[in-house]
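Colleague: give me a 3D structure for the following:
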Amino acid sequence: MRSVPETSQTLDRGLQVLLAIGSPGQVRGLTVTELAVELGVARAVIYRLVATLESHDFVTRSSDGRVRLGVGVARLQLAVRPMLIEAARPVLRALADQVGATAHLTVAEGEHALALVVVEPSWTDFHISYRVGSRHPLTLGAAGRAILGARRGTEGPVVTTSELQQGAHGLAAPVTGVPGLEASVGVVSTTVFDADTVGLAVLEAARAVSQAVTNA
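Modeller: This next block holds a predicted model:
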């Protein structure tokens, strides 16, 4: 019989707090009472967990009593980005060459979208250049809108035209299934996409990125 490894209940509960606050669609934060119900433990336990997490900047408590993720989580995200880039690049390379359009991985930074990886197709004569580090509001462009859609529980592809660049057509789908990661995979072109064919390719690429990150 294989032995079950010993775990820390306190650490497990602290991680559950972070996962609850950072779950997709959770933008308002949670109160101590809501967290107690979510985890099925006493409010006193949640108060101690929140106080510990707050001391390390992993959560913040605002004047309305809601607990939200803090900058400490952002620091961890920065440390994870090299792994995310490595996992996503081959997927984006295949997508860019399959579709014949510039492919990109975009992550959420607060209410802005940040282009983390960009891969241009290798065989086209003309394509749109997309700079790594480009930043724009989540409400503009397919990449940001796909992330916002995931917050509302929608995983389908999003199509936009001329929102970030005149004459540019974008299509993106969210990367789901990775706790704490808000990201999307998308393509951008000067020509209109076949929404069904390209939409399916982008959805499959987003799932492939999720799988690669999970297995990394």
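Colleague: what segments of this structure are strands?
Modeller: 59-61, 67-69, 102-109, 112-119, 135-137, 158-161, 169-175, 183-189 (DSSP state E).
Colleague: make JSON lines from the ones you listed and add mean pLDDT and mean neighbour count to it.
Modeller: All C-beta spots, glycine's among them, are computed from the backbone N, C-alpha and C. Below are these laid out as JSON lines (pLDDT from 0 to 100; neighbours: other C-beta atoms under 10 Å):
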{"stretch": "strand 59-61", "mean pLDDT": "89", "mean neighbour count": "20"}
{"stretch": "strand 67-69", "mean pLDDT": "87", "mean neighbour count": "20"}
{"stretch": "strand 102-109", "mean pLDDT": "93", "mean neighbour count": "25"}
{"stretch": "strand 112-119", "mean pLDDT": "92", "mean neighbour count": "21"}
{"stretch": "strand 135-137", "mean pLDDT": "92", "mean neighbour count": "14"}
{"stretch": "strand 158-161", "mean pLDDT": "96", "mean neighbour count": "18"}
{"stretch": "strand 169-175", "mean pLDDT": "97", "mean neighbour count": "28"}
{"stretch": "strand 183-189", "mean pLDDT": "97", "mean neighbour count": "29"}
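Colleague: what stretches of this structure score poorly on pLDDT?
Modeller: For the chain, the stretches flagged by pLDDT under 70 are 1-5, 24-27, 71, 74, 78.
Colleague: one more time with 50
Modeller: 1-2, 4 (pLDDT under 50).
Colleague: list the contacts for the spatially most central residue of it?
Modeller: The chain has residue 182 as the residue nearest its centroid, 1.3 Å off, counting by C-alpha atoms, centre = their mean. Taking C-beta atoms under 8 Å, 6 or more residues apart in numbering, we find residue 182 in contact with 24, 107-108, 147, 150-151, 174.
Colleague: and those as CSV, adding distance to residue 38?
Modeller: Shown next, in CSV, are these (distance: C-beta to C-beta, whole Å):
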residue, distance to residue 38
24, 15
107, 26
108, 22
147, 23
150, 20
151, 18
174, 23
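Colleague: could I have the CA atoms of stretch 122-134 written out in CSV?
Modeller: Backbone C-alpha positions of stretch 122-134 (Å, rounded to 0.1, in the frame of the first residue of the first chain) are rendered in CSV as follows:
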residue,chain,number,x,y,z
SER,A,122,7.4,32.1,-41.3
TRP,A,123,5.9,31.8,-44.8
THR,A,124,3.7,34.9,-45.4
ASP,A,125,4.9,37.9,-47.4
PHE,A,126,2.9,40.4,-45.3
HIS,A,127,1.8,40.2,-41.7
ILE,A,128,1.1,42.5,-38.7
SER,A,129,4.0,43.1,-36.3
TYR,A,130,3.0,42.9,-32.7
ARG,A,131,5.5,44.1,-30.1
VAL,A,132,6.2,42.0,-26.9
GLY,A,133,5.4,44.2,-24.0
SER,A,134,2.5,46.0,-25.8
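Colleague: check which residues of it are buried.
Modeller: Judged by neighbour count (16 or more other C-beta atoms under 10 Å), stretch 122-134 contains these buried residues: 127-128, 130, 134.
Colleague: cool, stretch 43-54 as well?
Modeller: Applying 16+ other C-beta under 10 Å to stretch 43-54 flags 45-46, 49-50, 53 as buried.
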